[in-house]
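Asker: here is the input, now give the coordinates:
(one chain, ligands or ions: 1)
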Amino acid sequence: MIFKSKAMNINFIDSVAFLTFKELEKYSFVRHGYSTRLGGVSKNEFKSLNLSFSVGDDTKLVNENYDIFCSCLGVQRYNLALASQVHEDKVTKVSKKNLNKIDFTKFEETDGLITSESGIVLTTFHADCIVIYMIDISKKIVGLAHAGWRGTVKNIAGKLAKKFITEYNSSFSDMVCAIGPGIGKCCFEVSESVLTYFRALNIPNNFIQFSRDDSRIYIDLLEVNKILLLREGLKNENIFKSDICTMCNHDMLFSHRFTGGKRGTNSAFIFIS
Ligand SMILES: [Zn+2]
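Answerer: Numbers count the residues shown, from 1 in each chain. Alright, predicted model coming up:
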C-alpha cells in the first residue's frame, strides 16, 4: 500500500489505520477519522475492519471489529451513535439521553447526525459514498453526513449546515467542513439518467467530465457537495476536500463499485472529546 495525499494523514494505532483531515486536526476539542480496511479480524471480501452487520459478514467478527474500533478511539460501544442511512436527507440531533446504556444506538432513517455534547461518537458508513464532516469551531458543535449520489442530489450537505443554524444558531464564518473520502471523479461514472438529476441542481458544469470520446460521463461528487455548501453560505476557505478515491484505493478502503458490492464498510466518525 502506498499512501499519498495532500489533504489527509494516515494514523496507525497498532495495526489499525485511520485517515484524518490535516485541516480538522487543528481543532483539539474534536476527534475525527475514517476507518480503513486495516487492523480488523474479518476475512475474504470483508478483510479486515468491516463495521457493517448487514453485508453478510460473520456477526461475531464484526462485533470484534467494533471492540477494536472503540478501543482505538478510547470509547465504549454505548458512546456510538450510528446513522442507519437510507439515502435520504434527514439530519438527527443526538443527545446522551437518546443513547442506549449498554450498546450502540442506531438512528433509523437518518443520514446525518449532529450534537453539541461531548463523548457522543457520531458514526456513518461508507464504501464509495461521500462523507461530510462539519464543525462549529466557536460553539463546539459537530456534525456528520452520508452523501451518496442520491443524498447529494437531495442536498444532505446543505441540510446538515441548516441544522447547525436552526438548532444552535451557528454562524457560517465559524463553520468548517471536510468532504470525503469517497469515490472520485476519476471513477464515478454515471448514466445519462443520473446526470439529469445533477443538471436539475442548476450548478456550474465544472462537476461533469466526459471521456475522450464523450461516451462516458463522470461526476465529481465532492465538488458538487462543495458547491451546495457554498450556496448554503459556508465560506470557500473553510471547506476542504479529500484527494483519496475509495475505488482507486480499494486495497486500503472498501469500494462498492470495485467489488460489485461484495465488500465490507468503512466508518467515518467525529466527536467532541
Ligand atoms: Zn478513482
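Asker: helices of the stretch 101-250 of the chain, residue ranges please.
Answerer: 149-153, 156-168, 192-199, 221-232 (DSSP state H, counting those that start in this stretch).
Asker: I'd like these laid out as a markdown table, including mean pLDDT, distance to residue 113 and mean neighbour count.
Answerer: Glycine gets a C-beta too; all of them are placed from N, C-alpha and C. A markdown table is the format used below for these (pLDDT from 0 to 100; distance: least, C-beta to C-beta, whole Å; neighbours: other C-beta atoms under 10 Å):
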| stretch | mean pLDDT | distance to residue 113 | mean neighbour count |
| --- | --- | --- | --- |
| helix 149-153 | 98 | 13 | 22 |
| helix 156-168 | 98 | 9 | 21 |
| helix 192-199 | 96 | 24 | 12 |
| helix 221-232 | 97 | 17 | 22 |
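Asker: of those, which approaches the ion most closely?
Answerer: helix 221-232 (11.3 Å; C-beta to the ion).
Asker: does any part of that closest one sit near the ion?
Answerer: No: with C-beta under 5 Å from the ion as the criterion, the ion is not reached by helix 221-232; the gap is at least 11.3 Å.
Asker: check the gap between the residue of the chain most remote from its centre and the ion for me.
Answerer: When each C-alpha in the chain is compared with the mean C-alpha position (C-alpha atoms, centre = their mean), residue 213 comes out farthest, at 32.7 Å. Distance, residue 213 to the ion, by C-beta to the ion, to the nearest Å: 19 Å.
Asker: likewise residue 22?
Answerer: Taking C-beta to the ion, one finds residue 22 at 21 Å from the ion.
Asker: from what I can see that residue touches residue 7, true?
Answerer: Yes: with contact defined as C-beta atoms under 8 Å, residue 22 counts as touching residue 7 (6.4 Å).
Asker: and these two? which has more neighbours close in?
Answerer: Taking neighbours as other C-beta atoms under 10 Å, residue 22 and residue 7 compare with residue 7 leading, 18 against 13.
Asker: hmm, that one is touching residue 23, no?
Answerer: Yes: taking C-beta under 8 Å as the contact criterion, residue 7 and residue 23 are neighbours in contact, 7.4 Å apart.
Asker: ok, residue 130 to residue 153 distance?
Answerer: Here the criterion is C-beta to C-beta, to the nearest Å. By it, residue 130 lies 12 Å from residue 153.
Asker: check residue 200 too.
Answerer: 8 Å.
Asker: go on, residue 220?
Answerer: From residue 220 to residue 153 the distance is 14 Å (C-beta to C-beta).
Asker: ok so, going back, need the helices of the stretch 101-250 of the chain in JSON lines (columns: distance to residue 121).
Answerer: Shown next, in JSON lines, are these (distance: least, C-beta to C-beta, whole Å):
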{"stretch": "helix 149-153", "distance to residue 121": "21"}
{"stretch": "helix 156-168", "distance to residue 121": "17"}
{"stretch": "helix 192-199", "distance to residue 121": "32"}
{"stretch": "helix 221-232", "distance to residue 121": "23"}
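Asker: closest one to residue 92 among those?
Answerer: Nearest to residue 92, of all those, is helix 156-168, at 8.9 Å by C-beta to C-beta.
Asker: residues in contact with the closest one?
Answerer: Residues outside helix 156-168 that contact it (C-beta atoms under 8 Å, 6 or more residues apart in numbering): 88-91, 93, 111-112, 114, 116, 132, 134, 136, 139, 141, 143-147, 170, 175, 177, 179, 225, 228-229, 231-234.
Asker: buried subset of the residues you listed?
Answerer: The neighbour-count test (16 or more other C-beta atoms under 10 Å) marks 88-91, 93, 111-112, 114, 116, 132, 134, 136, 141, 143-147, 170, 175, 177, 179, 225, 228-229, 232, 234 as buried among those.
Asker: so of those, which ones are in strands?
Answerer: With DSSP state E as the criterion, strands contain 91, 93, 112, 114, 132, 134, 136, 141, 143-147, 175, 177, 179 from among the buried ones among the contacts of helix 156-168.
Asker: can you name the two of those residues that are farthest apart?
Answerer: 93 and 179 (21.5 Å).
Asker: run a quick neighbour tally on the residue nearest to residue 224 when sequence neighbours are not counted.
Answerer: Nearest residue to residue 224, sequence neighbours excluded (C-beta to C-beta, 6 or more residues apart in numbering): residue 207, at 4.8 Å. Neighbours of residue 207 under the rule other C-beta under 10 Å: 20.
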